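Asks: next input, structure requested:
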Amino acid sequence: MDQPRVLVIGGGIGGLTAAVALRQRGWAVTVLERAPELAPVGAGLALAPNAQRALDVIGLGDQVRALSAWQGDGGLRAPSGRWLSRTSSEAAAGRFGGPVVLVHRATLVSLLASALPEGVVRTGTAAELTDVGGDDRPAVVSTPDGAWEAELVVAADGIRSAARRVLFPDHPGPRYTGLTTWRMVVPAFGRPFAPHETWGRGRLWGTQPLKDGRVYAYAMATAPEGAHAPDDERAELRRLFGGWHDPVPGIIEAADPAQVLRNDVHEMAVPLPAYHRGRVALLGDAAHAMQPTLGQGGNQAIEDAIVLAHHAGPAHHAGPAHQAGPADHAESAHYGRPVGAFGTAAASAAGLAAGLSSYSADRLPRTTAIVRQATRAGRMTAVGNPVAVAVRDALIVAVSRFGPGFILRGFAGIADWRPPGHTYASGTPRQ
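Replies: So this is what the prediction gives:
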């Protein structure tokens, strides 16, 4: 029997995590990435304990933690530098079973890609979903090399997902939130500082150290959709944040203007009816784009991937974990099977349909709730009226007097999530 095949559209963090997880369950995997190379944006990523536990399932959690900076004590500040609240990394780790760690996105993408055999990831390959498949037929994806069929397609093609529009053509898709973001990584700053997020009038700034001494910084502000700086984005940051507390002005000056990334923020205000249709599953921003205010966008994509692999189940001819070997090169000889070759390789239609339904049932309520919580947090950061800002800050100060445990309650049910009960990649049962 041919090995059941999965095509992953999109080589970002969610797509690559799904590829690794499904391959460890015995599926033959090919990742189709439109970009000419796996070159993620120059930005950092905070991995909360929930995402780290998901990566533990595929045996990469320890490596990620070793490559990451553990988030230290910090807190929330006003533009003057006054501390509004303090956070305790020890309290967070105690409550949620581990610390938040900071990793460069390129580091994580490289680690995930290295867990796949050569040839599994096909860059420079545009992919279009042309048939979602069903009980009696495979899904079909068209590429410049022709149309290919597979038992399962994972659509991890981002916030502007073309696959989502095929699955749910009447859905309105993500909406603009009224917020735009900037992200940058600057060289080692030369002096220590506490990790912090600073809230002003309709503006936000965050600064976090990375493992190698570089600094990851991000900013957010209210702006018209599609707006851009008249000169360069670093100059825009200087105008918006140059008068804020140390080290914000110095970080802005240390940034390479060409490396300052600006993106409008969109969110899935109207949830999708499901995260699957036919033999296609959506994950990450394609399914549930959210504001970055909780730092959970990438974390939820990683969760999606692990839960999808769990419910898709092991390939019928393979054990629970498929190990790399000489035969793996055959896996990348073609993307799937040419149209018309569907037959003995088909995965159990009933089993896969049930698995995809379970995936939607698991992920839709959780991610919808997190999208809404991120929206509420975004409203707090977007407050621009001076009186409202003063009230907001006074409330934060008052709440912080109850200690870090009270503030951490906002992440209960998010950071303490645990993956579905199956073994780690090593075969050791999860405790």
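
Asks: how distant is stretch 350-365 from the center of its chain?
Replies: 20 Å (C-alpha atoms, centre = their mean, to the nearest Å).

Asks: mind listing residues that contact it?
Replies: 135, 151-152, 271-272, 274-276, 279, 281, 283, 287-288, 303-304, 307-308, 311-313, 420 (C-beta atoms under 8 Å, 6 or more residues apart in numbering). In this view, the C-beta of every residue, glycine as well, is placed from N, C-alpha and C.

Asks: can you tell me which of those are buried?
Replies: 151-152, 271-272, 274-276, 279, 281, 283, 287-288, 303-304, 307-308, 311-313 (16 or more other C-beta atoms under 10 Å).

Asks: flag every buried residue along the helix or strand hosting Ala235.
Replies: If you go by DSSP states H and E, Ala235 is part of helix 233-241. Buried residues in helix 233-241, counted by 16+ other C-beta under 10 Å: Glu233, Arg234, Glu236, Leu237, Arg238, Leu240, Phe241.

Asks: nearest residue to the fourth one other than its sequence neighbours?
Replies: Right, Leu237. Ranked by C-beta to C-beta, 6 or more residues apart in numbering and with sequence neighbours excluded, the top spatial neighbour of Leu237 is Ile252, at 5.0 Å.

Asks: only C-alpha atoms, please: export the helix or strand containing the one you found in CSV.
Replies: In the assignment (DSSP H and E), Ile252 maps to helix 248-254. Presented in CSV, the C-alpha positions along helix 248-254 are these (Å, rounded to 0.1, in the frame of the first residue of the first chain):
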residue,chain,number,x,y,z
VAL,A,248,13.3,53.1,23.9
PRO,A,249,15.0,56.0,22.0
GLY,A,250,18.3,54.2,22.0
ILE,A,251,16.7,51.1,20.5
ILE,A,252,15.1,53.1,17.8
GLU,A,253,18.4,54.7,16.9
ALA,A,254,20.1,51.3,16.8
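
Asks: which residues touch it?
Replies: 184, 186-187, 189, 198, 205, 207, 215, 217, 234, 237-238, 241-243.

Asks: stretch 55-69 now?
Replies: By C-beta under 8 Å, 6+ apart, stretch 55-69 touches 17, 20-21, 24, 47, 52-53, 101-103, 107-108, 111-112, 115, 208-211, 302, 306, 419, 422, 424-426, 430.

Asks: straight-line length of it, end to end?
Replies: End-to-end span of stretch 55-69 (C-alpha to C-alpha, to the nearest Å): 16 Å.

Asks: quick check, distance from it to the centre of its chain.
Replies: 15 Å.

Asks: okay, buried residues for that stretch please.
Replies: Leu55, Asp56, Val57, Ile58, Gly59, Leu60, Gly61, Val64, Arg65, Leu67, Ser68, Ala69.

Asks: hmm, back to that, just the buried residues of the contacts of stretch 55-69.
Replies: 17, 20-21, 24, 47, 52-53, 101-103, 107-108, 111-112, 115, 208-210, 302, 306, 419, 424-425.

Asks: quick one: low-confidence parts of the stretch 251-400 of the chain?
Replies: 316-347 (pLDDT under 70).

Asks: so which residues of the stretch 101-250 of the chain form helices?
Replies: Counting by DSSP state H, counting those that start in this stretch, one finds helices in the stretch 101-250 of the chain at the ranges 105-114, 162-167, 233-241, 248-254.

Asks: of the buried residues of stretch 55-69, just say which sits nearest to Val140.
Replies: Nearest to Val140 among those: Ile58, at 27.9 Å, using C-beta to C-beta.

Asks: who does the longest strand along the chain touch, helix- and strand-wise?
Replies: Ranked by number of residues, the top strand in the chain under DSSP state E is strand 175-186. The contact analysis (3 or more C-beta pairs under 8 Å, 6 or more residues apart in numbering; DSSP states H and E) places strand 175-186 against strand 215-222, helix 233-241, helix 248-254, strand 261-267, helix 349-381.

Asks: between these, which one is closest to Gly158.
Replies: strand 261-267 (10.6 Å).

Asks: quick check: angle from that closest one to helix 233-241?
Replies: Relative orientation of strand 261-267 versus helix 233-241 (axes from the mean of the first three to the mean of the last three C-alpha atoms, to 10 degrees): 60 degrees.

Asks: buried residues, strand 261-267. List them.
Replies: Residues of strand 261-267 classed as buried by neighbour count (16+ other C-beta under 10 Å): Arg262, Asp264, Val265, His266, Glu267.

Asks: for stretch 25-37, measure first residue to last.
Replies: Using C-alpha to C-alpha, the two ends of stretch 25-37 sit 26 Å apart.

Asks: list the buried residues for that stretch?
Replies: Arg25, Gly26, Trp27, Ala28, Val29, Thr30, Val31, Leu32, Glu33.

Asks: mean confidence for it?
Replies: Taken as a whole, stretch 25-37 has a mean pLDDT of 96.

Asks: what distance separates that stretch from the centre of its chain?
Replies: That offset, for stretch 25-37, works out to 17 Å (C-alpha atoms, centre = their mean).

Asks: what do you get for stretch 233-247?
Replies: Once both centres are worked out by C-alpha atoms, centre = their mean, stretch 233-247 turns out to sit 27 Å from its chain's centre.

Asks: return it as CSV; C-alpha atoms alone will do.
Replies: Backbone C-alpha positions of stretch 233-247 (Å, rounded to 0.1, in the frame of the first residue of the first chain) are rendered in CSV as follows:
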residue,chain,number,x,y,z
GLU,A,233,9.5,53.6,9.4
ARG,A,234,12.4,54.3,11.8
ALA,A,235,11.7,58.0,11.4
GLU,A,236,8.0,57.3,12.2
LEU,A,237,9.0,55.4,15.3
ARG,A,238,11.2,58.3,16.3
ARG,A,239,8.2,60.7,16.0
LEU,A,240,5.9,58.4,17.9
PHE,A,241,8.1,57.0,20.6
GLY,A,242,11.3,59.1,20.6
GLY,A,243,10.3,60.9,23.8
TRP,A,244,9.5,57.8,25.8
HIS,A,245,11.6,56.4,28.6
ASP,A,246,15.0,54.7,28.3
PRO,A,247,15.9,52.5,26.5
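
Asks: Asn299 against Asn50, yeah?
Replies: Yes - counting by C-beta atoms under 8 Å, Asn299 does reach Asn50; the two are 6.0 Å apart.

Asks: with that, I have no additional questions.
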